[in-house]
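Trainee: All I have is the shape, not the residue letters:
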């Protein structure tokens, strides 16, 4: 009975769960719009899948890493529990529902990552399962693309921005989350197309790639646009290097030449349509605003210097003033969408917090006294919410990947920097970069499922390289 959720069952349900992700997001959008409730079908299904994943972790696998994973999760739950109990008595305002909801969103990412890792270390045909997962992600992104185009063509699409900027988010509730999903998933969709494209007649595998690239610029966010642009450049340069090496060694591979041509055509088409896209106009607007703010700041500094004393004391005062105003810089407000202001507020709460809160965190949104507000920069939010100890536990998978990557970079650089690994690494880099700057990744279940998949795919590839090298 305990093993009813075994590796075969979990693989099937995982593939289905990936494919229906955009369907859950669309149903969430309509339920919020019509019912105005925070409890949506998306939350219900994702909580149920988290329970299934926990069952698989504890009872449904025989992976060699099972004991380590269970110890890691139990230790994390205890640390988070200590912080939660302490904050119940220490915080000026403690909302149990909000605190528990944020906690569940946070552990969701760790549970997903651990369950995927145990799945891959408990199966024999890892390449086959990884290709099936990439296929499922491609199918999910095809649903995103098709529904986006239908929403725009029928005039039922919602706008990404309420004012100033321009973009579409289709039938999805959050433009930021949609942009993050597209950014993290695009390298994986591109990778699946490259894997399947071994003959010219299979060029149709690039249809989801082209459609998702179009969606990325229609959303209007910087995140989606630069993700596709970065993926296009990296794939083209990587295959160009491989093609040059093969020419030098006189070991021509027709597949490398085909993929090089396709990557060049894709990059060229994307650059050609860029000037006509919402993303381009929004980025141009941000650049113009930054230039205006820079000119105003420069004029004010020149005015202050001309009217003030040039002595050493005045210079020190100006330096202190500059440091105090740095985090409230208008330029930073434009780049970070005012996140620097919220950072300053929660940082001050943290500095005034007790040693216990410094170690185990201040909970959701810090020690707020009125309305709670996250910074929306995931790593900072998680640090202030769970403290030094909790944050270090959250970082364990990232530290493991970085450490193993650096080790293999010196041992098997050619194999590590293969285009397949580069695209997966780009997906992880985009996910962590977005989490750091724009948020809505690590504690957003609709988004972090894709980041967890990318991280596990790279982990498995690197663990295989490490094993092959040790056995050689």
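Mentor: Received the coordinates, thanks. This is a predicted model, so every value here is computed, not measured.

Trainee: hang on, isn't residue 147 packed against residue 168?
Mentor: No. Residue 147 lies out of contact with residue 168 (Cβ atoms under 8 Å); the separation is 11.2 Å. To be clear about C-beta, it is placed using only N, CA and C from the backbone, and glycine gets the same treatment.

Trainee: Sketch out the low-pLDDT regions of this protein for me.
Mentor: Scanning the chain for pLDDT under 70 picks out 1-3, 36-38, 164, 283-338, 472.

Trainee: give me that answer again for 80
Mentor: 1-4, 35-39, 162-166, 200, 250-253, 276-341, 471-472 (pLDDT under 80).

Trainee: so where do the helices sit in the stretch 301-450 of the chain?
Mentor: 312-326, 330-336, 339-352, 355-360, 378-411, 413-416, 419-437, 445-471 (DSSP state H, counting those that start in this stretch).

Trainee: Equivalent analysis for the stretch 101-250 of the chain, please.
Mentor: Under DSSP H, counting those that start in this stretch, the stretch 101-250 of the chain gives helices at 126-153, 175-196, 207-219, 222-249.

Trainee: Does residue 140 touch residue 186 like I think?
Mentor: No. If you go by Cβ under 8 Å, residue 140 and residue 186 don't touch, sitting 12.0 Å apart.

Trainee: The two - which one has more neighbours?
Mentor: residue 186 (29 against 24; other Cβ atoms under 10 Å).

Trainee: How much space separates that one from residue 106?
Mentor: 25 Å (Cβ to Cβ, to the nearest Å).

Trainee: quick revisit: just the helices of the stretch 101-250 of the chain: most buried one?
Mentor: Greatest average neighbour count among the helices of the stretch 101-250 of the chain goes to helix 175-196 (a mean of 26), per mean count of other Cβ atoms under 10 Å.

Trainee: same for that helix, what does it pack against?
Mentor: helix 126-153, strand 168-170, helix 207-219, helix 222-249, helix 419-437, helix 445-471 (3 or more Cβ pairs under 8 Å, 6 or more residues apart in numbering; DSSP states H and E).

Trainee: I'd like to know which of these is closest to residue 375.
Mentor: Comparing the helices and strands packed on helix 175-196 by their distance to residue 375 (Cβ to Cβ), the top pick is helix 419-437, with 10.8 Å.

Trainee: Can you tell me the closest non-neighbouring residue to residue 369?
Mentor: Here the nearest residue to residue 369 in space, its sequence neighbours aside, is residue 92; by Cβ to Cβ, 6 or more residues apart in numbering that works out to 4.9 Å.

Trainee: Mind putting the helices and strands packed on helix 175-196 into JSON lines with distance to residue 373?
Mentor: Supplementary listing: the helices and strands packed on helix 175-196 in JSON lines, determined by distance: least, Cβ to Cβ, whole Å:
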{"stretch": "helix 126-153", "distance to residue 373": "29"}
{"stretch": "strand 168-170", "distance to residue 373": "22"}
{"stretch": "helix 207-219", "distance to residue 373": "24"}
{"stretch": "helix 222-249", "distance to residue 373": "21"}
{"stretch": "helix 419-437", "distance to residue 373": "17"}
{"stretch": "helix 445-471", "distance to residue 373": "20"}
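
Trainee: Tell me which of those lies nearest to residue 384.
Mentor: helix 419-437 (14.1 Å).

Trainee: quick one: that closest one to chain centroid distance?
Mentor: The chain centroid and the centroid of helix 419-437 are separated by 8 Å under Cα atoms, centre = their mean, to the nearest Å.

Trainee: Show the secondary-structure elements that that helix is packed against.
Mentor: Using 3+ Cβ pairs under 8 Å, 6+ apart, helix 419-437 sits against helix 175-196, helix 222-249, helix 378-411, helix 445-471.

Trainee: Can you mark which positions in that helix are buried?
Mentor: For helix 419-437, a neighbour-count test (16 or more other Cβ atoms under 10 Å) marks 419-435, 437 as buried.

Trainee: Now do residue 369 against residue 75, distance only.
Mentor: In this structure, residue 369 and residue 75 are 32 Å apart, going by Cβ to Cβ.

Trainee: more neighbours, the two?
Mentor: residue 75 (13 against 10).
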